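Peer 1: need a 3D model of the following:
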Amino acid sequence: MAEVISVRFRGNAKNYYFDPRGLAIQPDEYVVVETAQGMEYARCVEGPHTVPDQSVVQPLRPVVRLATENDHKAAAYNRKREKEAFGICEKKIADHGLEMKLVSVECSFEGNKIIFFFTADGRVDFRELVRDLAGVFRARIELRQIGVRDEAKMLGGIGICGRPLCCSQFLNEFIPVSIKMAKTQNLSLNPAKISGACGRLMCCLKYEQAAYEDAASRMPRNESFVDTPDGVGNISSVDLLQEQVQVRLDSAPEAPKRYKKSEIRVLRNGKGSRDGIEIPKERPARAAAPEPEEAPFRRRDPITVSSVVVQSEEESRRPAARRPSGRVKQPAPKQAPAKLPGKPRQENRPKAEKRQDRPEKLPVRTVTDTTAEKKAAADRAARQEAGEPAKSGAGRRRPYRRPRGK
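Peer 2: Just a heads-up that it's a prediction; the model follows:
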């Protein structure tokens, strides 16, 4: 057993083991470690612990020291230098007319080497570009061509599941994924649905492949000839997760039915002819439906309806004074209002008598408004005294008469 600590470098999801040399290093602390490329600045993800010797890559390199304030400043300066180098390199690529896409820039902790990562469709002659960059930065320049999956791992992002990309979070290395995995899991073969941010098949197709292969080995294949409780037919689809199949019965091919694995008997697995297949007389038994679980007994409180507590027969016999004060008495039934004394109603009276009992109606007098007439007479008298001729029909509205011939 070897005592090690696990560290992770910037932009890398893989853990590396280093010898702590007795230092008390806590997780999330930064350390300076010795690597094959020189001193590097890394973050501790797991403190000192022991691992088997077989899992350690020899030689086990040591931890130089815990990161100091100067080390933090040097790391921050290198990050700033990487941003400047990224912009300068993009301008140089455009000046040389190279068909390449710059992805990321990494500067070593000691500042003596700068690595440029790029993607391209084919081989690129970047010798002139390296000379120009070396003259600008006065350091060792290294250009590395990476694939689209490495690009997605460096840049990161959000997958179609809504979570960060697996390759940028915890995958140590890329696993091979094939289109056969999508077919085994009955997924849509639409590239937009089974491809990740990098444009390749999603890495998560590999996670459940073993479970699907195990279920597929226990279930019949499509177009298998099976016997069911309702008759014989061919399997049209297989549900590996629920271990059920959909069968087109010979008696009703237009209405497929679903059956569990225990309800079918496979007569021929896969496609083929039915010639020579003997159909048993006894059909498979139908699976029993699961019994519903009984709800646990719960003690309930007295039922109250409109603030009235339902009382037992014994409680209703108690005197009113001995009843608990918290009980609400039932309201007394409403009684019909008493009739006032008056003339008794006479039934079966003749109609003539009823008419005679009614009060006699008085004749209606027409009331004329004499105010207008008095005012008109006063106007006429005033005109006569003033010597004005009386108006004959002035201001009177004549009735409309329809002209003749129209």
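Peer 1: what's the local residue count around the closest residue to residue 202 other than its chain neighbours?
Peer 2: Of all residues not flanking residue 202 in the chain, residue 196 sits nearest, at 4.5 Å (Cβ to Cβ, 6 or more residues apart in numbering). Every C-beta, even on glycine, is put in place using the N, C-alpha and C of the backbone. Residues lying near residue 196 (other Cβ atoms under 10 Å) number 22.
Peer 1: surely residue 196 is in contact with residue 152?
Peer 2: Yes - counting by Cβ atoms under 8 Å, residue 196 does reach residue 152; the two are 7.0 Å apart.
Peer 1: my read is residue 82 is in a helix, agree?
Peer 2: Yes - looking at residue 82 with DSSP: H, G, I helix; E, B strand; the rest coil, it is inside a helix.
Peer 1: skip the chain neighbours and tell me the closest residue to it.
Peer 2: Per Cβ to Cβ, 6+ apart, closest to residue 82 is residue 105, 4.6 Å.
Peer 1: hang on, that neighbour in a helix?
Peer 2: No - looking at residue 105 with three-state DSSP, it is strand, so not inside a helix.
Peer 1: in the sheet, who's paired with it?
Peer 2: Beta bridges link residue 105 to residue 116, judged by DSSP bridges.
Peer 1: what domains does the record give for this structure?
Peer 2: 2-67, 78-146, 165-218, 219-286 (automatic domain parsing).
Peer 1: ramachandran angles for the residue lying closest to residue 249 once chain neighbours are set aside?
Peer 2: Using Cβ to Cβ, 6+ apart and skipping residues adjacent in sequence, the residue nearest residue 249 is residue 233, 4.0 Å away. Dihedral angles of residue 233 (phi, psi; degrees, to the nearest 10) stand at phi -180, psi -180.
Peer 1: all strands of the stretch 151-300 of the chain, in order?
Peer 2: 225-228, 231-239, 244-249, 257-260, 265-268 (DSSP state E, counting those that start in this stretch).
Peer 1: for the fourth one, buried residues please.
Peer 2: Buried residues in strand 257-260, defined by neighbour count with 16 or more other Cβ atoms under 10 Å: 257, 259.
Peer 1: show me how far the strand ranked longest in the chain is from its chain's centre.
Peer 2: As assigned by DSSP state E, the longest strand anywhere in the chain is strand 38-51. Centre-to-centre, strand 38-51 and its host chain are 39 Å apart (Cα atoms, centre = their mean, to the nearest Å).
Peer 1: now swap in stretch 47-55 and tell me
Peer 2: 42 Å.
Peer 1: list the buried residues of that stretch.
Peer 2: Buried residues in stretch 47-55 (16+ other Cβ under 10 Å): 47, 48.
Peer 1: quick one: end-to-end length of that stretch, please.
Peer 2: 17 Å (Cα to Cα, to the nearest Å).
Peer 1: ok, now which ones touch residue 29?
Peer 2: Residue 29 is in contact with 43, 44, 66, 67, counting by Cβ atoms under 8 Å, 6 or more residues apart in numbering.
Peer 1: by neighbours, which of those wins?
Peer 2: residue 44 (24 neighbours).
Peer 1: got a list of what residue 221 touches?
Peer 2: 235, 238, 269, 270.
Peer 1: and residue 107, how many neighbours?
Peer 2: Number of residues near residue 107 (other Cβ under 10 Å) recorded here: 21.
Peer 1: and it, how far from residue 71?
Peer 2: 14 Å (Cβ to Cβ, to the nearest Å).
Peer 1: mind putting the contacts of residue 221 in a markdown table, neighbour count, pLDDT and distance to residue 165 included?
Peer 2: A markdown table is the format used below for the contacts of residue 221 (neighbours: other Cβ atoms under 10 Å; pLDDT from 0 to 100; distance: Cβ to Cβ, whole Å):
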| residue | neighbour count | pLDDT | distance to residue 165 |
| --- | --- | --- | --- |
| 235 | 24 | 93 | 38 |
| 238 | 19 | 91 | 32 |
| 269 | 14 | 90 | 40 |
| 270 | 12 | 88 | 39 |
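Peer 1: and of the residues you listed, the nearest to residue 12?
Peer 2: Residue 12 lies nearest to residue 238 out of the contacts of residue 221, by Cβ to Cβ, at 41.4 Å.
Peer 1: all helices for the protein, in order.
Peer 2: 69-96, 127-137, 148-155, 166-169, 179-184, 191-194, 209-218, 313-316, 351-357, 371-386 (DSSP state H).
Peer 1: among those, which is nearest residue 12?
Peer 2: Using Cβ to Cβ, the nearest of the helices of the chain to residue 12 is helix 148-155, at 8.6 Å.
Peer 1: got the buried residues for that closest one?
Peer 2: 149, 150, 151, 152, 153.
Peer 1: between those residues, which sits nearest residue 75?
Peer 2: Closest to residue 75, out of all of these and judged by Cβ to Cβ, is residue 153, at 21.2 Å.
Peer 1: and the gap between the closest one and residue 103?
Peer 2: 10 Å.
Peer 1: can you check residue 227 too?
Peer 2: Counting by Cβ to Cβ, the gap from residue 227 to residue 103 is 59 Å.
Peer 1: likewise for residue 381?
Peer 2: 117 Å.
Peer 1: likewise residue 137?
Peer 2: Distance from residue 137 to residue 103, by Cβ to Cβ: 18 Å.
Peer 1: likewise for residue 34?
Peer 2: Distance from residue 34 to residue 103, by Cβ to Cβ: 27 Å.
Peer 1: I'd like to know how many residues surround the residue nearest to residue 16 when sequence neighbours are not counted.
Peer 2: Leaving aside its sequence neighbours, residue 16 sits nearest to residue 7 (Cβ to Cβ, 6+ apart; 5.6 Å). Look at residue 7: counted by other Cβ under 10 Å, it has 23 neighbours.
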